[in-house]
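J.: after the sequence you'll find the predicted model.
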Amino acid sequence: MNPDHDTHKESIMNDFEGLEFGLDTFGDLPRDDSGEITTYGAAIRATLDEAILADDIGVDAFAVGEHHRPEFAISTPETVLAGIATATERIRLGSGVTVLSSDDPVRVFQRFATVDALSNGRAEVILGRGSFTESFPLFGYDLKDYELLFEEKIDLFSHLLDEKPVTWAGTTRAALHEADVFPKTDSGRLRTWVGVGGTPQSVLRTAQYGFRLMLAIIGGAPARFAPYVDLYRRATEQLGTPALPVGMHSPGFIAATDEEAKELFYPGYKVIRDRIGALRGWPPLQRREFEADVEGGSLYVGSVETVARKMAAAIRTLDVGRFDLIYTAGGAMRASDRMKTVELFGTKVVPMVRDLLAEAPTSAPRAGAAFGL
Amino acid sequence: MAGLEFGLNSFGDVATDGGRVLSDAETLRLMVEEAQLAESVGLDVFSVGEHYREGMVDSATPVLLAAAAQATSTIRLGTSVTVLSTQDPVRLYQQFATVDGLSGGRAQLVLGRASAIESFPLFGYDIADYEDIFEEKLDLFLRLMREDRVTWSGTYRSPLDAVRLHPRMPEGGIPAWIGIGGSPDSVVRAARHGLPLMMAIIGGRPERFAGHAELYLRALAQFGQPELPIAQHSLGFIADTDDEAKNVHWKRWQPVVKQVSEERGFYPPTAERYAEEVDTGALYVGSPETVARKIAGIVRANHLSRFDLKYDVLHLDRQARARSIRLFGEQVAPRVRELLADDADDWRLTGRTPAQIVRGGKAVHA
């Protein structure tokens, strides 16, 4: 176990100042204004422009995912984050998620420590097992080792986070003997989250290592994740690991009106949803299911006010300290519409959510307050 | 001599600032500033190495180059060298396709087997397989760059079945050079694969590599490959006068070479040996005029169309680094071009200029 001793106090203080809001993308290939799908290079540069705007308008965090599918331009998050690091001033830079199971923890540490240096300490690692499985055959791993790979690699990664020579042995990677890994970070520890899709075991493991918990809530009512938040809090209390904020990330899209947002978002979302659904055995998406998820589920699609009210409700219900919106889940949308959603999120939605939460304090304490610090 | 190119190489050596040793993170940020400086003084390429030891911060090369890409607009960005043997060619393709996308097509690579071996135990490879690993991974990497969908199997990596990687590099890939340290086999391999040759000459009389260059050109012809560029990478430092350059550089060079000599079992550095390296060897240390004359001479002797200077040494002061970069770009490079233009026919082995070999920053295979 390697709890966040060094940064614990500071992190809690930061979180007390308020909720954090982030924007997440997988680097989906957008369309240009003539309707053409852009090249991969142009998609990466579009992501960079969106991150620069998010930084300008005060969004707290920006995260890019790791995928190995043709729809997504980002397969190496840290390389993209380093480009963003140079072009931004204050926004936190994370992965969403780094598929640790099919990567080498030593390389992951080196890449993130480099992003952390280039961004003046703004890197955050979000580790996950990945909800997609393409990376397993691509990097020569067997899906039957899914659990073991993550278990061993998160253990090694937790040792590397101490930034001291590491001696380690396992079955999924070569052993290390007093291996000192560089570069070192200025803060001495990378901020680390674990992205969890809904297995209690993952929640417990996250608490055990003293990592932050990021819940991926991509469908259904957010309330059904409340037991996971509760489990994480109870586990950290019992294990004596730091009670760090819980985050959530969900897809959404913001436009001038609810109707416009839905019309711009739905076609591309259905294409992607059905393509992934075909691989996972889901039936094609029906418009009424989409409407239901916008209404009461986990799609934050609509006008500024609609999305803000929905976010405020979810934040209260789950008592989270961080909310990330996956703003490119609408697939091959126009880059200009994506940019607009980033702008509305940072300039309108986030301030409105803060106002809504301030004007109606509830009996449920806020995430930071729950720690009694 | 418009075809002659000048590159600046860093191994991520930790710098000092007025006697204070910079942190790893500060050094990384300094390197991005130095890439910007290299661009502003007209240098053609900025490259970073790949090392896994204390005092060197270049372990995640593509991440660093991505930051430099965003901070610059015209300079090409490469490696010096990428330790292909202990990398996964699939990740490497993805990372460099990303740097190429971020930089608008300015990414390139020098692939090598590495002279430092730290990466073998760190990533679980057996140094005994050194040669086979490199050959196999080079084959896979080139196929990933040159083909659309790749089906492949080998010994040191899991097989690929009709894999098409994302993001895509431009068709044909990005310029990839082969870095060699003196092995004729490596020279022939570069020619066989149709890749340009980067000769790392870090000690001894550099003219002894003329034979390697000639072997390369003959091998290219025999393999039916087009004529490709030859480059040299060497260590150096430029200051306003020869004495200043030597005094500042020796102080930082001596302890580093002493340690390496103990680890690898070669000669320990002495002042005499250092003076000899500067005068007739592979250290390009001195005033702009001294270094320019030395580079012009070796460009002729070794049939070069590109010269890369490794400018950093552990704990060299950041001001001295900046001054050296500035003098290299603003004074040495133009002076070398001038010296070569004075006697243009003398330095080319054949009638083709490097400008025909390299078009728009891409090697002809790209």
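T.: Noted; the coordinates are in hand. None of these values were measured; they are calculated from a predicted model. Residues are numbered from 1 along each chain as shown, chains lettered A, B, ... in the order given.
J.: helix or strand for B:Val63, which one?
T.: Of the helices and strands defined by DSSP states H and E, B:Val63 is found in helix B:61-71.
J.: with just CA atoms, put that helix into PDB.
T.: Presented in PDB, the C-alpha positions along helix B:61-71 are these (Å, rounded to 0.1, in the frame of the first residue of the first chain):
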ATOM      1  CA  THR B  61      11.200  10.900 -26.100                       C
ATOM      2  CA  PRO B  62       7.900  11.200 -28.100                       C
ATOM      3  CA  VAL B  63       6.300  13.000 -25.100                       C
ATOM      4  CA  LEU B  64       9.100  15.500 -25.000                       C
ATOM      5  CA  LEU B  65       9.000  16.000 -28.800                       C
ATOM      6  CA  ALA B  66       5.200  16.500 -28.700                       C
ATOM      7  CA  ALA B  67       5.800  19.500 -26.300                       C
ATOM      8  CA  ALA B  68       8.500  20.800 -28.600                       C
ATOM      9  CA  ALA B  69       6.200  20.400 -31.600                       C
ATOM     10  CA  GLN B  70       3.600  22.700 -30.000                       C
ATOM     11  CA  ALA B  71       6.300  25.200 -29.100                       C
END
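J.: please list the residues of the stretch 101-250 of chain B that sit near chain A.
T.: B:101-102, B:104-105, B:121-125, B:157-161, B:163-168 (C-beta under 8 Å from any C-beta of the partner chain). From N, CA and C alone the C-beta is placed, and that goes for glycine too.
J.: emit the ChimeraX select command for whichever of those are buried.
T.: In ChimeraX, this line selects whichever of these come out buried by 16 or more other C-beta atoms under 10 Å in any protein chain shown:
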select /B:101,102,105,121,122,123,125,157,158,160,163,165,166,167,168
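J.: what's the pLDDT at B:Glu26?
T.: We have a pLDDT of 98 for B:Glu26.
J.: how about A:His5?
T.: As predicted, A:His5 sits at a pLDDT of 43.
J.: what segments of chain A are helices?
T.: A:5-16, A:40-56, A:77-87, A:105-118, A:135-138, A:146-160, A:200-209, A:226-239, A:258-280, A:287-296, A:304-318, A:335-344, A:350-359 (DSSP state H).
J.: send me the longest helix along chain B as CSV with only the CA atoms.
T.: Selection of the longest helix in chain B by residue count, based on DSSP H, yields helix B:242-264. Only the C-alpha atoms of helix B:242-264 are listed here, as CSV (Å, rounded to 0.1, in the frame of the first residue of the first chain):
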residue,chain,number,x,y,z
ASP,B,242,38.6,28.4,-28.3
ASP,B,243,40.0,28.7,-24.8
GLU,B,244,36.7,29.6,-23.2
ALA,B,245,35.0,26.7,-25.0
LYS,B,246,37.6,24.2,-23.9
ASN,B,247,37.7,25.4,-20.3
VAL,B,248,34.0,25.4,-19.8
HIS,B,249,33.5,22.1,-21.7
TRP,B,250,36.4,20.1,-20.1
LYS,B,251,35.1,20.8,-16.6
ARG,B,252,31.8,19.1,-17.4
TRP,B,253,33.1,16.5,-19.9
GLN,B,254,35.9,15.1,-17.7
PRO,B,255,33.7,13.7,-14.9
VAL,B,256,31.1,12.2,-17.3
VAL,B,257,33.7,10.5,-19.4
LYS,B,258,35.5,9.2,-16.3
GLN,B,259,32.3,7.5,-15.1
VAL,B,260,31.5,6.0,-18.5
SER,B,261,35.1,4.8,-19.0
GLU,B,262,34.8,3.0,-15.7
GLU,B,263,31.5,1.4,-16.7
ARG,B,264,32.5,0.4,-20.1
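J.: ok, now how distant is A:Leu325 from A:His249?
T.: Per C-beta to C-beta, to the nearest Å, A:Leu325 is found 7 Å from A:His249.
J.: mutual contacts of these two, please.
T.: When C-beta atoms under 8 Å, 6 or more residues apart in numbering or on different chains defines a contact, the residues bordering A:Leu325 and A:His249 alike are A:Gly22, A:Asp24.
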